[in-house]
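Q: Predicted model, plus sequence, below.
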Amino acid sequence: MLERTVSVAAVVLATLWTGATAVGAQSASYVGPDFVASVRRNNSGEQSVSFRIDPTGTVTASNVTMRHLMWHAFEIADFQIVDAPAWTNIERYDVTLKSDGAAPPEKIRERLKELLHGVFGLRVVAATRPAPIYALVTNLEGRPGPQLKAAQPPCDKDGSSGCGARVGTGTLEARGITLDRLAGELGGALERRVENRTGLEGRYEIRLEWAPSLDADIRPSIFTAVEEQLGLRLVPATADLPAFIVQQVNRPSD
C-alpha cells in the first residue's frame, strides 16, 4: 500500500466542462482551451486496444479503459494507480481529441489530463516511492531479434499517419514506435513499470506474441518472447516512481 505521507502534492487540473451527454449517457463532449474531445462508451466486447496520435495533433483511442487513459496522461503503469474503483479497469471507451495542430508529447499529456478531469471528474494526489520495476536491455550478443526491425517510411519519423501500436491479448503489433514506447506497452502488460535502458534510438516495427496465462497456451512467456522475438531482455530493477491516489472519479453519465 502506498505511504501517503511521502512527497505528496495535489495535482490541479483546470477544466472547461460542456456537460453534453447523449441518449443513455453513452457519450460526452468536452471543450478545452485549445482542443475539443468526445468520449463514447464501447460495448463491443472486443479485447484489443489502440491509441494513436497523428501529425495534426489528433488523439484517437479505441476500446480503452479510463485507467488506460490515465496511463497515457501521467506516463504511469496500471499498478501506480491507487484507490481507483473497479469500473475504471473494466468499462471501455472510444475517445477522440482534436486540436489546431501538432504538439509535443507533454502538451498532449496535459490535454489528456484536462479531459480526464472534465469528463470523468478525476481528482488525484501524487506521491513518490521506491518500487520494483523491469529494465528493458539488449541481449548479451547485442543483436536485434527477428521481429524487431528498423521502421520504414513514413513510420521512421515522429508523428507519421498510420503509425502506432495495437495491443491485443498476448499480442503487440507496432509500426514506427520508439523503444521507450515499447517499454510503456510492456509495462501495461506486466502491470509494472518498464524502463528502456537499451541505449537504442530510432523507431521500429515490432511484432510480439506471448502467453498472458500459461494455462493451455503454447506461446512463450512474455520474458521469453521479448528475448527470442525482439533480441531484448526484461531484468528486475528498482526505481523511485510516481503513484497517484484517486480521490474522486465518476462515470461520464455521473
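A: Cool, got the structure.
Q: okay, now the residue lying closest to Arg40 once chain neighbours are set aside: neighbour count?
A: In this structure, Arg40 finds its nearest non-sequential neighbour in Ser27, 4.1 Å apart by CB to CB, 6 or more residues apart in numbering. C-beta coordinates here come from the backbone N, C-alpha and C atoms, glycine included. By the criterion of other CB atoms under 10 Å, Ser27 has 18 neighbours.
Q: what sits against Ser27?
A: Applying CB atoms under 8 Å, 6 or more residues apart in numbering, we find Ser27 in contact with Thr21, Ser38, Val39, Arg40, Arg41, Pro252.
Q: possible to save those residues as JSON lines with distance to Ile81 and neighbour count?
A: Listed next are the contacts of Ser27 as JSON lines, based on distance: CB to CB, whole Å; neighbours: other CB atoms under 10 Å:
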{"residue": "Thr21", "distance to Ile81": "25", "neighbour count": "15"}
{"residue": "Ser38", "distance to Ile81": "24", "neighbour count": "18"}
{"residue": "Val39", "distance to Ile81": "18", "neighbour count": "26"}
{"residue": "Arg40", "distance to Ile81": "22", "neighbour count": "16"}
{"residue": "Arg41", "distance to Ile81": "21", "neighbour count": "18"}
{"residue": "Pro252", "distance to Ile81": "18", "neighbour count": "22"}
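Q: Just to be sure, which of the residues you listed are found in helices?
A: Among these, no residue falls in helices (DSSP state H).
Q: where along the stretch 151-254 of the chain do the helices fall?
A: 179-190, 222-230 (DSSP state H, counting those that start in this stretch).
Q: mind listing what's buried in the longest one?
A: Of the residues in helix 179-190, those buried under the neighbour-count criterion (16 or more other CB atoms under 10 Å) are Leu179, Arg181, Leu182, Ala183, Gly184, Glu185, Leu186, Gly187, Gly188, Ala189, Leu190.
Q: Throw the helices of the stretch 151-254 of the chain into JSON lines and include distance to Asp34 and mean pLDDT, thanks.
A: Shown next, in JSON lines, are the helices of the stretch 151-254 of the chain (distance: least, CB to CB, whole Å; pLDDT from 0 to 100):
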{"stretch": "helix 179-190", "distance to Asp34": "24", "mean pLDDT": "92"}
{"stretch": "helix 222-230", "distance to Asp34": "37", "mean pLDDT": "96"}
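Q: Would you reformat those helices as JSON lines and include distance to Leu115?
A: Shown next, in JSON lines, are those (distance: least, CB to CB, whole Å):
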{"stretch": "helix 179-190", "distance to Leu115": "19"}
{"stretch": "helix 222-230", "distance to Leu115": "30"}
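Q: Need the CA coordinates for stretch 57-75. CSV is fine.
A: Taking C-alpha atoms only, stretch 57-75 is exported to CSV below (Å, rounded to 0.1, in the frame of the first residue of the first chain):
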residue,chain,number,x,y,z
GLY,A,57,-2.3,16.6,-33.0
THR,A,58,-5.4,14.4,-33.0
VAL,A,59,-5.6,11.6,-30.4
THR,A,60,-7.7,8.6,-31.3
ALA,A,61,-8.1,5.9,-28.7
SER,A,62,-10.3,2.8,-29.3
ASN,A,63,-11.7,0.4,-26.7
VAL,A,64,-9.6,1.9,-23.8
THR,A,65,-10.4,2.0,-20.1
MET,A,66,-10.3,5.1,-18.0
ARG,A,67,-7.2,3.7,-16.3
HIS,A,68,-5.6,3.3,-19.7
LEU,A,69,-6.2,7.0,-20.4
MET,A,70,-4.6,7.8,-17.0
TRP,A,71,-1.6,5.7,-18.0
HIS,A,72,-1.0,7.8,-21.1
ALA,A,73,-1.8,11.1,-19.4
PHE,A,74,0.5,10.6,-16.4
GLU,A,75,3.1,8.3,-18.0
